[in-house]
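Asker: return atomic coordinates for the entry below.
(one chain, ligands or ions: 2)
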Amino acid sequence: MNPITKSHESRQRERLATLGASLFARGLTTGTSGNLSVRVSDGWLMTPTNVSLGALDPERLSKLDDNGRHVGGDRPTKESLLHLVLYRQRGDAGGVVHLHSTYAAAVSCMDGLDPAECVPPLTAYFAMRVGRLPLVPYHRPGDPALATAIHDLAARHHALLLANHGPIVSGTTLESAAAAIEELEETAKLFLLLRGIPTRPLSDQEVSQLDRGR
Ligand SMILES: O=C(O)[C@@H](O)C(=O)COP(=O)(O)O
Ligand SMILES: [Zn+2]
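Answerer: Ligands and ions are numbered 1, 2, ... in the order given. Alright, predicted model coming up:
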């Protein structure tokens, strides 16, 4: 590996570990739940399975090559296929974040959600950062069928809510994926706070006038 590639990969390793520590410190992930990945020049770095995102060792992150084969570091997250589908379906994706953040996970367990838009566009920032949020039918974590289930949706949405599980979001960078999943969590909290209170989400026209930066 040439030194430029190596220093880029080293920076990506640091960014992944720093983000994990920040998410953990703020209670957005607990125990060993959640997983992160970032694109590097010759593949991806992913969090290993069964580790706390609060204590990631940059040197032990899992490395997958361009074909999705595990080529270095500890055994990758059981959701590696899910991450790979997001990267393959979204050509501009540079990072993916999956969490069991409390409010989004709570919404993912609710009955009677609209599967095409399970959290309405309550605020402009949600509409800009997250967009329309579909609900993916329940599959056990790590089940390859989950990757199949998101395949078509991922081409149209960078943020998905996995039923009875939690959100997964891709972004052009790791940091933009994190910003979007944090906004999703805050809006899931609003959605639950507003239950039973007459609420006016943004109209389609209001949403269409917004900038959709990722
Ligand atoms: O919910 C699960 O089991 C996974 O989706 C998860 O969040 C943690 O699994 P690993 O990344 O394999 O530790
Ligand atoms: Zn999970």
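Asker: and for the closest residue to T173 other than its chain neighbours, the neighbour number?
Answerer: Using Cβ to Cβ, 6 or more residues apart in numbering and skipping residues adjacent in sequence, the residue nearest T173 is G94, 4.7 Å away. Bear in mind the C-beta positions are built from the backbone N, C-alpha and C, glycine included. For G94, the neighbour count with other Cβ atoms under 10 Å is 20.
Asker: and the gap between G94 and ligand 1?
Answerer: 19 Å (Cβ to the nearest ligand atom, to the nearest Å).
Asker: R39 is in contact with that residue, correct?
Answerer: Yes. Using Cβ atoms under 8 Å, G94 is in contact with R39, at 4.8 Å.
Asker: now do the worst-scoring helix or strand of the chain on mean pLDDT: everything it contacts.
Answerer: In the chain, no helix or strand scores lower on mean pLDDT, DSSP states H and E than helix 3-25, which sits at a mean of 92. Contacts to helix 3-25, defined as Cβ atoms under 8 Å, 6 or more residues apart in numbering, come from residues 1, 29-30, 34, 36-42, 45, 47, 52-59, 61, 97, 99, 174-175, 178.
Asker: mind running it again at 6 Å?
Answerer: Outside helix 3-25, the residues that touch it by Cβ atoms under 6 Å, 6 or more residues apart in numbering are 29, 36, 38, 40-41, 45, 53-54, 56, 58, 61, 174, 178.
Asker: which residues touch stretch 72-85?
Answerer: 35, 37, 46-49, 60-63, 68, 70, 96, 98, 142, 144, 146-147, 150-151, 154.
Asker: and that stretch, how far from the chain's centre?
Answerer: 13 Å (Cα atoms, centre = their mean, to the nearest Å).
Asker: list the buried residues in it.
Answerer: G73, D74, P76, T77, E79, S80, L81, L82, H83, L84, V85 (16 or more other Cβ atoms under 10 Å).
Asker: so which of those are in helices?
Answerer: Of the buried residues of stretch 72-85, the ones assigned to helices by DSSP state H are S80, L81, L82, H83, L84, V85.
Asker: quick one: the strands in the chain, in order.
Answerer: 35-40, 43-46, 62-65, 70-72, 95-98, 135-136, 159-162, 166-171 (DSSP state E).
Asker: the fourth one close to ligand 1?
Answerer: No. In terms of Cβ under 6 Å from any ligand atom, no part of strand 70-72 sits within range of ligand 1; the closest distance is 12.8 Å.
Asker: which of the contacts of stretch 72-85 are buried? Put it as a PyMOL command.
Answerer: With 16+ other Cβ under 10 Å as the burial test, the buried ones among the contacts of stretch 72-85 are selected in PyMOL as follows:
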select buried, resi 35+37+46+47+48+49+61+62+63+68+96+98+146+147+150+154
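Asker: thanks a lot, see you next time.
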